[in-house]
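Asker: pasting the sequence and the predicted model now:
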Amino acid sequence: MCSVISRVRPVQRALALTLRLRTSTEGSSYAAAERRRFCPGVSNDIHPLRAPSRSYCSRVALTQGLLFKQLFESESSTYTYLLADTETKEAILIDPVLETIDRDLKLIHELGLNLKVAVNTHCHADHITSTGLMKKRLVGLKSAISKLSGASADIHLSEGDKINFGKHYLTVRETPGHTDGCVTLVLGDQSMSFTGDALLIRGCGRTDFQQGCAKRLYESIHQKIFTLPDHCLVYPAHDYQGQTASTVGEERKFNPRLTKSMEQFVDIMNNLNLPKPEKIDISVPANLVCGVHEV
């Protein structure tokens with residue numbers, strides 16, 4: 001990664017280096033996270049610039065010919081990711097949220113993209129996906145989710161499947177533990193990974209509902225994500241501390257839960273005592289039918 005960064009212009013170099021910024025994820029409340037919404041920027045000491053009025057941001061893509069945007073939904077602190085081939089304009093959207101469907105469709109239209117697939121990394125419990133409604137507004141769009149999720153979709157994904165867009169593709173790695181149907185999506189050159197709720201920045205998805213299993217999650221992360229190159233960027237489905245990205249190497253070294261033994265990890269996960277997600281009773285049934293239940 002360093003060799004790639006050294007070849008780009010100074011401003012781009014600074015942007016790329018912000019992706020390696022490490023910040024603490026422990027002890028901050030959800031409300032505090034809402035106040036610290038930002039997109040990465042450039043400053044003398046490579047700290048993020050706060051931009052509370054922005055709902056999305058772009059990054060320097062280290063893969064040639066790749067357009068990449070990271071978008072944010074504030075109520076559930078969900079990240080949605082837009083990736084496209086800059087030549088063919090074929091695009092995919094990861095973890096879209098119902099509340100931001102108009103924003104996402106406007107951006108896709110402005111950029112002249114042909115959205116081929118909208119994929120969910122798992123059946124979310126804290127928000128309703130926009131994939132079903134989006135299909136009604138974009139001709140030819142297909143929805144995708146793991147076949148182990150039990151949810152309906154046009155494409156049911158399994159280990160090793162590829163989602164193609166132009167000359168690029170994402171490879172599916174099954175990473176159950178938060179739910180049975182969790183997947184991590186890895187860019188073809190392994191420079192980016194979209195880890196859903198399995199691996200978060202200095203954390204991980206909870207395992208106390210929806211087929212959750214701490215042992216399976218520990219194994220999934222260590223066998224399917226931590227085996228990626230150290231420089232591979234980690235983009236989670238959520239972050240509640242205002243952080244936007246990490247790397248596999250950082251999480252393997254600094255993640256306070258996953259640097260423990262499996263026994264210690266299971267004990268931590270079994271004693272989190274987290275409140276029930278507020279929207280779980282409406283989100284899960286809706287997401288099982290592509291987000292169109294009572295919408």
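Answerer: Noted; the coordinates are in hand. Residues are numbered from 1 along each chain as shown.

Asker: and the nearest residue to Phe165 once chain neighbours are set aside, how many neighbours?
Answerer: Among residues not flanking Phe165 along the chain, Glu90 sits closest, at 4.3 Å (Cβ to Cβ, 6 or more residues apart in numbering). To be clear about C-beta, it is placed using only N, CA and C from the backbone, and glycine gets the same treatment. The local packing of Glu90 (other Cβ atoms under 10 Å) involves 18 other residues.

Asker: in this structure Glu90 contacts Val117, no?
Answerer: No. Using Cβ atoms under 8 Å, Glu90 is not in contact with Val117; the gap is 9.3 Å.

Asker: common neighbours of the two, please.
Answerer: Here Glu90 and Val117 have Phe165 as joint contacts, going by Cβ atoms under 8 Å, 6 or more residues apart in numbering.

Asker: mind listing what the host helix or strand of Ile92 pairs with, with the direction of each?
Answerer: Taking DSSP states H and E as the definition, Ile92 sits inside strand 90-94. Using DSSP bridges, strand 90-94 pairs in its sheet with strand 78-85 (antiparallel), strand 114-119 (parallel).

Asker: which SSE is immediately downstream of it?
Answerer: helix 101-110.

Asker: so who does Tyr218 touch?
Answerer: Contacts of Tyr218 (Cβ under 8 Å, 6+ apart): Gly177, Leu258, Met262, Phe265, Val266.

Asker: ditto for Thr121
Answerer: Ile94, Asp95, Cys182, Val183, Thr184, Leu185, Phe194, Thr195, Gly196, Asp197, Ala198, Ala237 are the contacts of Thr121 under Cβ under 8 Å, 6+ apart.

Asker: now with 6 Å?
Answerer: Contact analysis of Thr121 by Cβ atoms under 6 Å, 6 or more residues apart in numbering lists Asp95, Val183, Gly196, Ala237.

Asker: the residue nearest to it when sequence neighbours are not counted: neighbour count?
Answerer: Distances taken as Cβ to Cβ, 6+ apart put Gly196 closest to Thr121, at 2.9 Å, once the chain neighbours are dropped. Residues within reach of Gly196, counting by other Cβ under 10 Å, total 28.

Asker: so Gly196 sits against Tyr235, correct?
Answerer: No. With contacts counted by Cβ atoms under 6 Å, Gly196 stays clear of Tyr235, the gap being 9.5 Å.

Asker: what touches both of those two?
Answerer: Shared contacts of Gly196 and Tyr235, counting by Cβ under 6 Å, 6+ apart, come down to nothing at all.

Asker: circling back: and the strands paired with strand 90-94: which comes nearest Ala214?
Answerer: strand 78-85 (23.0 Å; Cβ to Cβ).

Asker: low-confidence stretches in this structure?
Answerer: The chain contains residues with pLDDT under 70 at 1-62, 293-295.

Asker: how about the helices in the stretch 101-250 of the chain?
Answerer: Listed in chain order, the helices of the stretch 101-250 of the chain (DSSP state H, counting those that start in this stretch) span 101-110, 131-137, 214-220, 248-254.

Asker: give me the buried positions along the second one.
Answerer: Meaning helix 131-137. Buried positions in helix 131-137, judged by neighbour count with 16 or more other Cβ atoms under 10 Å: Thr131, Gly132, Leu133, Met134, Lys135.

Asker: then the third one?
Answerer: When burial is assessed from 16+ other Cβ under 10 Å, helix 214-220 yields the following buried residues: Ala214, Arg216, Leu217, Tyr218, Ser220.
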